[in-house]
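In: Predicted structure and sequence below. I'll ask about it afterward.
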Amino acid sequence: ETLSAFDAKMESDHISKLLNGEVIESLYSSIDLDTLTWIRNELKTIESDESRHANLAWNTLKWLCGDNKDACEDIISDVFDKDRVEESIRGRATASLMDTS
């Protein structure tokens, strides 16, 4: 959820630059302004939703860690395993940067 919120924010900021007249290389360059505005607004909605979901997940983890230290340690060692986190970030970055749609 946290990465999805970040990704939507980056894309909406990128589109905002185009809408503000900045000349930048973009896969959105050939899209008309009305459609770009709609896409940016949808991305802002996604960003907001994903941010709320991430906040709920973090609050749930905080609650669990406050209530059950053993379960908390198990979750942290599994979810935040260095290799797993790195793989997730690489996969997300690659998908985002290599998207040609």
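Out: Sure thing, it's come through.
In: Now do the buried residues in stretch 62-72.
Out: Cys72 (16 or more other C-beta atoms under 10 Å). Just so you know, the C-beta spots here come from the backbone N, C-alpha and C atoms, and that holds for glycine as well.
In: tell me how far the ends of that stretch are from each other?
Out: Stretch 62-72 has an end-to-end distance of 9 Å (criterion: C-alpha to C-alpha, to the nearest Å).
In: Contacts for that stretch next, please.
Out: Residues outside stretch 62-72 that contact it (C-beta atoms under 8 Å, 6 or more residues apart in numbering): 61, 75-76.
In: now do 10 Å
Out: By C-beta atoms under 10 Å, 6 or more residues apart in numbering, the surrounding residues in contact with stretch 62-72 are 61, 73-76.
In: Is it possible to get JSON lines of the residues you listed that adds neighbour count and pLDDT?
Out: Shown next, in JSON lines, are the contacts of stretch 62-72 (neighbours: other C-beta atoms under 10 Å; pLDDT from 0 to 100):
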{"residue": "Leu61", "neighbour count": "14", "pLDDT": "83"}
{"residue": "Glu73", "neighbour count": "11", "pLDDT": "84"}
{"residue": "Asp74", "neighbour count": "11", "pLDDT": "84"}
{"residue": "Ile75", "neighbour count": "14", "pLDDT": "81"}
{"residue": "Ile76", "neighbour count": "13", "pLDDT": "80"}
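In: Quick one: end-to-end distance for stretch 75-88.
Out: Stretch 75-88 stretches 16 Å from its first residue to its last (C-alpha to C-alpha).
In: and for that stretch, what are the contacting residues?
Out: Applying C-beta under 10 Å, 6+ apart, the contact partners of stretch 75-88 are 3, 57, 61, 64-65, 68.
In: from the chain's centre, how far out does that stretch sit?
Out: Centroid separation between stretch 75-88 and its chain, computed with C-alpha atoms, centre = their mean, to the nearest Å, is 17 Å.
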